[in-house]
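>>> Need the 3D shape of this:
(one chain, ligands or ions: 1)
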Amino acid sequence: MADVPPARVPLGSSSPLASPLYPSAVYTLPDLEALDRIMNAEEPGFIYARDAHPNARELAARLSALEGAEWSIVTSSGMAALSALLLATTQPRSRILASNRLYGRTSQLLAQELSRYGVVTEFLDVNDLEAVDRALDKPARLLLVETVSNPLLRVADISNLAKLAHEREALLVVDNTFATPILTRPLELGADLVMESVTKLIAGHSDVTLGLVAGRGELLPELMQVSSIWGFSASPFDCWLAERGLQTLEIRVRQASHNAQILAKWLQGRRGISRVLYPGLRDHPDHRLAGKMMKDGYGNMLCFDLEGGREAVNRFLRQAPGIPFSPSLGHTTTTCSHPATTSHRYVSPAEKQRQGITEGLIRLSVGVEAVELVQAELAKGLA
Ligand SMILES: Cc1ncc(COP(=O)(O)O)c(C=O)c1O
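Down below sits the predicted model:
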């Protein structure tokens, strides 16, 4: 058995243009002194991939720059990012205020999982700033909102929510998945922590599952510890793919937003559609606010309601296979989903009704392809 690692191929003065991939789960070290220096952060290096590895570190550095953050940590999914963040900031009897329009699994994480550890969450309408102000009268550890809510695309007033939270020493945490840091940088608007499902537009090709927490201040060591101990860390290959996707993020988000704006107008008033929701439309309840929170575009997500409910949705899906029914978002090409049976499947019927998540609601994740192709396919679906 050879006990010496194989010689690396020398690169001389050359270096690879594309980032190298380091799939190694563990690193070799010359002696205990070297291990101590790495553990004590006296020199760079890696030991065990669940703690840290070069591909996660590189992706985190690029995402920090994009978010305007002091630091970032990449996790194995968006839910892992939220879990790490919540575990690192709360303890039994901590009180959380959360938007009452969140991704279904996020609501479940708060109401069903964290509650098992004695963390109490109150859900409220975060577009009602007076209600938020009143709720903050009682001490809260953090306020959690989505920049653009899933699925009905309400926009959060991050600047004012940050002011309200900070007056009472609460942290403002923003899930920025639908906006992406290209359109909205929550940290620059006053948020303390931002979370992204990197799975979606950031990675952009539906071939990785990853998450991100970015922020400033003291929390990074705590987050890294939680991530390592609970096992939330991301795989090197996923990080490598996400970094590749990141290279085209800006151009993808701008083109997809442009397409979404055209499609939202085109869908309005068409036969069989009872409402179209898109923050870029003048009749959207948060249109003006979206103009302040998002720059140069209103995002790639739009929703429309089909008269005829579930049956009409099934007809649409069968007649428009070119817009795949694919319950995620942020792919290069346009896909659609049905929130009532997917992202919000486990939300109670009464809660769905309150939010306006109807059986006829289709959520479109608009891609970067020629918009005419999407229009033609939508027309087939609506025929
Ligand atoms: C707004 C939002 N936040 C968080 C998540 C969770 O991300 P992931 O699927 O990467 O765990 C999702 C997933 O759909 C989402 O839509």
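>>> For stretch 282-296, list the C-alpha coordinates in CSV.
As requested, C-alpha coordinates have been extracted for stretch 282-296 and formatted as CSV (Å, rounded to 0.1, in the frame of the first residue of the first chain):
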residue,chain,number,x,y,z
ARG,A,282,-49.3,49.2,-12.5
ASP,A,283,-52.3,47.4,-10.9
HIS,A,284,-50.1,45.3,-8.6
PRO,A,285,-50.7,46.4,-5.0
ASP,A,286,-46.9,46.9,-4.4
HIS,A,287,-46.0,48.3,-7.8
ARG,A,288,-44.6,51.5,-6.5
LEU,A,289,-42.8,49.8,-3.6
ALA,A,290,-41.3,47.3,-6.0
GLY,A,291,-39.9,50.2,-8.0
LYS,A,292,-38.0,51.2,-4.8
MET,A,293,-36.9,47.8,-3.6
MET,A,294,-35.9,46.3,-7.0
LYS,A,295,-33.7,48.0,-9.5
ASP,A,296,-33.9,47.6,-13.3
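>>> can you pull the buried residues of that stretch?
Buried residues in stretch 282-296, counted by 16 or more other CB atoms under 10 Å: 284, 286, 289-290, 293-294. (Each C-beta comes from the backbone N, C-alpha and C, glycine too.)
>>> And for stretch 233-248?
Those would be 233-236, 238-246, for stretch 233-248 by 16+ other CB under 10 Å.
>>> Give me the subset of the buried residues of stretch 282-296 that lies in helices.
Under the assignment DSSP state H, the buried residues of stretch 282-296 contribute 289-290, 293 to helices.
>>> Could you tell me the end-to-end distance of stretch 205-217?
Counting by CA to CA, to the nearest Å, you get 32 Å between the two ends of stretch 205-217.
>>> Next SSE downstream of the lowest-mean-pLDDT helix or strand in the chain?
For the chain, counting by mean pLDDT, DSSP states H and E, helix 349-355 ranks last in confidence among helices and strands (a mean of 93). On the C-terminal side of helix 349-355, the nearest following helix or strand under DSSP states H and E is strand 361-365.
>>> Let's test this: mean pLDDT of that following strand, rounded?
In this model, strand 361-365 has an average pLDDT of 98.
>>> which residues sit against that strand?
Defining contact as CB atoms under 8 Å, 6 or more residues apart in numbering, one finds that strand 361-365 is touched by 151, 260, 263, 300-306, 313, 316, 323, 328-331, 334-340, 343.
>>> now do 6 Å
Residues lying outside strand 361-365 but in contact with it, judged by CB atoms under 6 Å, 6 or more residues apart in numbering, are 151, 302-305, 329, 335-337, 339.
>>> Tell me which residue of this structure lies closest to the ligand.
Proximity to the ligand, evaluated over the chain using CB to the nearest ligand atom, is greatest for residue 78 at 2.3 Å.
>>> What segments of the stretch 51-200 of the chain are helices?
With DSSP state H, counting those that start in this stretch applied, the stretch 51-200 of the chain shows helices at 54-67, 78-89, 104-108, 129-135, 158-167, 180-183, listed in chain order.
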